[in-house]
Each structure stands twice: as structure tokens, then as C-alpha cells.
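Student: quick check, what structure comes out for this input:
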Amino acid sequence: MLIGDIVGKPGRQALAELLPAFVQSEGIDFCAANAENAAGGAGLTVAVMQELLAMPIDVLTTGDHIWDKKEIVPVAGAETRLLRPANYSPEAEGRGAGLYKARNGVTVGVINLQGRTFMRPCDCPFHAARRIVEELRKATHVILVDMHAEATSEKIAMGWFLDGQVSAVFGTHTHVQTADETLLPNGTAYITDLGMTGPYKSVIGRRIDRVLQAIYTQMPTPFEVAREDARIAGAVVTVDPATGCATEIKRVQLCSPSRASGP
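Tutor: Numbers count the residues shown, from 1 in each chain. Next comes the predicted model:
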């Protein structure tokens, strides 16, 4: 299971309420979730990281907001289940890829990348992907890639670039779930954006009134996390562990029974 950007407490509450039963009912063997907005809507604290990893989530990917909460910096190098984009400077804390054991015993490789179009400067994600995929394939054919990027074209290009070399390429960052899930010709599952795990009565997770005020007045306005209509968004991918090829990808959107929570 691949889970899109977790936004604040509403996203975490939806996961706590819905994820364990869904993982059990669907027979999910491995779960990756993007957590760069999980603490207050921007960044990740140690407590929130631990809260998420106590759920049936095997690895947390991130993106350009990974360092927004400074307390995560010294932890990033020690927690192997937390990834930051692999195409950051080699001097950056943490790691951009890892190998993990799924619940069925299969070794799963996960790579976290960040795009460069309309994003903060970073190294080339395509060169980083090629280098890391070659290394991970020595241990497993099952490899998942979080392409955290703004531009749709850059995400699609990464899907075609890695088709047949990895099991899935999934986009994060824009918070809007796309309807283009597909199996590429050489066996890689692809979706441009998994969507947002958080409050849907919002503007991509933020209070509607605050965002409209900022747009209308062009004045600085705090973008507080919204509260209502919490959902999980993502996709479920079926992979043949012998070949690493995906055989199915399904979009997922689950609604929280509470439909509300604190910011």
C-alpha cells in the first residue's frame, strides 16, 4: 500500500482509525507513507514519526518539508525507516533509500526522490534513481519509488525512465489524487499523485477561509490545517516478488468515520 501526503492531526487520525483494519482485510504486506506534512501540516517531529511508525506503516518517505521541524534532523540519520530525498546533497542528514522486510518475508527496496521543476534546488533525481536502483536490485527486484515533485511531466518522465526496473513509481507533493493509475509496458505500476491523507474540506489541507483571504487580499495569512472530512488517499499495488513486476494498481480513498479532528 502506498499512502499519499499525510497532513496534520486529521491525516494521522484517519490512519489510526482506518489503516489497521484495511491492512488486515486487504492482506497488505508492506506499507509506505509520505509524512513530510504530518506534524502541524509542515514537517515531522520525533513524536509524530513514532506515532506513525507504531501503525502498520513500514517506511516513511518525505520531501521538501522534511527539515521544517528542526528536531527531526539528528534523528534522520538513526531511524532507518525514515527517508529523505536521495538526490539531496551527500552531506545531508539521513538516507534516501533502504531495504525492508515485508510481512510476507519479501525484501522491499524503497527510494525517495525529489523533483527539480518549481522546487528547491537539488541534484538530478534521474541520475540518483539509476545509481540506487542498480544497487538495490542486487538484493531485490521489488522496488518502490516516491517521486515527490510539483510538475506532472517530471513525475511521468520518471515513470517511463524506470519502467521495467522498479515495481512502482508514485507521485506525491501536490495533494490531489490523479486518475491516471496504470501499468507501464515493462511492468512498473505508475500514478502521478497518490493524493492527500488529511482533511478534504480544505484547500489541499489548509483552512478554506485562510487560503481565500490570502489569495483575495494578497496579505500574509497563517495557513492553519483544516479539520473536517478526513480521508486516506493512496494506491494498492500487487507485485510478483519473483520478477518485481506489478500486476495490478488500484486507487484508494477511505473516509474517516469521525470526519473531524483537531489541527
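Student: what sits closest to Gly234 if chain neighbours are left out?
Tutor: Ile3 (4.2 Å; Cβ to Cβ, 6 or more residues apart in numbering). C-beta: built from backbone N, CA, C; applies to glycine.
Student: I'd like to know how far that neighbour sits from Gly198.
Tutor: In this view, Ile3 and Gly198 are 11 Å apart by Cβ to Cβ, to the nearest Å.
Student: the two: which has the busier surroundings?
Tutor: Gly198 (35 against 28; other Cβ atoms under 10 Å).
Student: check which element follows the helix or strand hosting that one along the chain.
Tutor: Using DSSP states H and E, Gly198 falls within strand 198-199. The helix or strand immediately downstream of strand 198-199 is helix 208-217, counting by DSSP H and E.
Student: buried set for that following helix?
Tutor: Arg210, Val211, Ala214 (16 or more other Cβ atoms under 10 Å).
Student: need the residues you listed in TSV with pLDDT and distance to Val46, can you?
Tutor: What follows is these, written out as TSV (pLDDT from 0 to 100; distance: Cβ to Cβ, whole Å):
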residue	pLDDT	distance to Val46
Arg210	96	27
Val211	97	29
Ala214	96	30
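Student: got the residues you listed as a markdown table, with distance to Val75 columns?
Tutor: Formatted as a markdown table, the buried residues of helix 208-217 follow (distance: Cβ to Cβ, whole Å):
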| residue | distance to Val75 |
| --- | --- |
| Arg210 | 30 |
| Val211 | 31 |
| Ala214 | 32 |
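Student: which among the residues you listed gets closest to Ser167?
Tutor: Val211 (36.2 Å; Cβ to Cβ).
Student: report the contact partners of that closest one.
Tutor: Val211 makes contact with Val203, Thr221, Phe223, according to Cβ atoms under 8 Å, 6 or more residues apart in numbering.
Student: tell me how far the last one lies from Thr217.
Tutor: The one in question is Phe223. Taking Cβ to Cβ, one finds Phe223 at 14 Å from Thr217.
Student: so for the residue lying farthest from the centre of the chain, what's the pLDDT?
Tutor: Checked against the mean C-alpha position of the chain, the extreme residue using Cα atoms, centre = their mean is Thr217, at a distance of 32.6 Å. Looking at Thr217, its pLDDT is 97.
Student: for it, give its distance to Val211.
Tutor: According to Cβ to Cβ, Thr217 stands 11 Å off from Val211.
Student: neighbours of the residue lying closest to Arg116 once chain neighbours are set aside, how many?
Tutor: Leaving aside its sequence neighbours, Arg116 sits nearest to Cys122 (Cβ to Cβ, 6+ apart; 6.2 Å). Cys122 sits with 18 neighbouring residues when counted by other Cβ under 10 Å.
Student: on the pLDDT front, check Cys122 for me.
Tutor: For Cys122, the model assigns a pLDDT of 97.
Student: again with the one 5 residues further on
Tutor: Among the per-residue scores, His127 shows a pLDDT of 98.
Student: list the contacts for it?
Tutor: So His127 contacts Asn87 (Cβ under 8 Å, 6+ apart).
Student: wait, a helix at it?
Tutor: Yes - according to DSSP: H, G, I helix; E, B strand; the rest coil, His127 belongs to a helix.
Student: distance of it from Arg103?
Tutor: 33 Å.
Student: what does Leu2 give?
Tutor: 15 Å.
Student: more neighbours: these two, which one.
Tutor: Set Leu2 next to Arg103 and count neighbours by other Cβ under 10 Å: Leu2 wins out with 24 against 13.
Student: for Cys122, what are its contacts?
Tutor: Residues in contact with Cys122, defined by Cβ under 8 Å, 6+ apart, are Pro85, Asn87, Tyr88, Ser89, Gln114, Arg116.
Student: secondary structure class for it?
Tutor: Relying on three-state DSSP, one would call Cys122 coil.
Student: what of Ala157?
Tutor: helix.
Student: how about the one 3 residues further on?
Tutor: Put simply, Trp160 is helix when judged by three-state DSSP.
Student: residue contacts, it?
Tutor: So Trp160 contacts Leu184 (Cβ under 8 Å, 6+ apart).
Student: noted, bye for now.
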